[in-house]
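Q: Predicted model and sequence follow; I will ask about them next.
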Amino acid sequence: MDRFGRIDALVNVAGAVPQIDLFAMSDDEWTDGLALEFHGARQLAIRAWDSLKESRGSVVCMSGSSAISPKPGLAAVGAINAGISALAKAFSERGVADGVQVNAVLPGPVLTDRRRLLLERYAASNGLSFDVGVERYVRETGISPCGEPDDIAALIAFLVSPAARWMTGTTLHTDGGEIKAV
C-alpha cells in the first residue's frame, strides 16, 4: 500500500507444516501449522480486503493435493490444506458480493528446494542416484514428472489476470495426475 497505493492481488503462500504421523504430532505442532498456513491466509485476506474491493482484485490461496487425499503421515498437512481450500471457498462467497475474485490452487509434487531435499533423502535411502530416485518416485506414485515452481507461478499469474476474471470459488488441482479425480 505504501509503495503502490493499492493491492490488486494477494497470493497466500506459507511455509511447510511438518510431515509427522497423525498419532505422533503434538498439539503445539498442530497449532503452529494452523497459525502459519491457515490463520496467516485468513488474516492477510481480511487485512487486504478493503483494498482488494477497491481494485476489484484477486486472492489466490495455496493449498495442496493432500487436501483431497490426506494420509496418516501427512495428517496436519492434509487437514490444514483442506481448511485453506474451504476458507478460500468462504472468502469467494463474500468476494462475489464485494467484487473480489478468490480461488485456491492445490499443487502436487513440485520440485521446490524442500521437495528436492525429500527426493534426495528418498534416493539415498534406496541406494539410488537422485535422477534414478526421481524416476522411481514418479513411477511409484503414478504421476507425470514433478512440476516446476514456474508451472505454479504461471497458473497463479493466469488466475489474477483479466483472462480469468470470471473464475472465482474454484479449487484448481495441478498435480501431474497424482490424484485421479473429476
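A: Right, received. Where do you want to start?
Q: separation between the residue at the greatest distance from the centre of the chain and Thr141?
A: No residue in the chain sits farther from the centre than Gly127, which is 31.0 Å out by C-alpha atoms, centre = their mean. Computed with C-beta to C-beta, to the nearest Å, the distance linking Gly127 and Thr141 is 19 Å. Heads up, the C-betas are built off the backbone N, CA and C, glycines and all.
Q: tell me which element Val105 is part of?
A: strand 101-107 (DSSP states H and E).
Q: Give me the next element, helix or strand, following that strand.
A: By DSSP H and E, the next helix or strand past strand 101-107 is helix 113-125.
Q: Off-centre distance for that following helix?
A: In terms of C-alpha atoms, centre = their mean, to the nearest Å, the centre of helix 113-125 is found 20 Å from the chain centre.
Q: right, and the helix or strand after it?
A: Criterion used, DSSP H and E; the element after helix 113-125 is helix 130-141.
Q: Show me what the longest helix along the chain is packed up against.
A: As assigned by DSSP state H, the longest helix anywhere in the chain is helix 75-98. The contact analysis (3 or more C-beta pairs under 8 Å, 6 or more residues apart in numbering; DSSP states H and E) places helix 75-98 against helix 27-33, helix 40-55, strand 58-62, strand 101-107, strand 171-174.
Q: Dump these to TSV, plus mean neighbour count.
A: Putting the helices and strands packed on helix 75-98 into TSV (neighbours: other C-beta atoms under 10 Å) gives the following:
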stretch	mean neighbour count
helix 27-33	14
helix 40-55	17
strand 58-62	25
strand 101-107	24
strand 171-174	18
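Q: would JSON lines of the ones you listed with distance to Asp113 be doable?
A: Output for these, formatted as JSON lines (distance: least, C-beta to C-beta, whole Å):
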{"stretch": "helix 27-33", "distance to Asp113": "19"}
{"stretch": "helix 40-55", "distance to Asp113": "20"}
{"stretch": "strand 58-62", "distance to Asp113": "16"}
{"stretch": "strand 101-107", "distance to Asp113": "15"}
{"stretch": "strand 171-174", "distance to Asp113": "19"}
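Q: Any chance of TSV for the ones you listed, columns mean pLDDT and distance to Phe4?
A: Conversion of the helices and strands packed on helix 75-98 to TSV gives the following (pLDDT from 0 to 100; distance: least, C-beta to C-beta, whole Å):
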stretch	mean pLDDT	distance to Phe4
helix 27-33	90	32
helix 40-55	97	10
strand 58-62	97	15
strand 101-107	96	19
strand 171-174	90	27
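Q: quick one: what helix or strand has Gly169 in it?
A: Using DSSP H and E, Gly169 falls outside every helix and strand.
Q: hmm, back to that, what are the pairing partners of the strand holding Val105, and which direction each?
A: Using DSSP bridges, the strands paired with strand 101-107 are strand 58-62 (parallel), strand 171-174 (parallel).
Q: Perfect, I'm done here.
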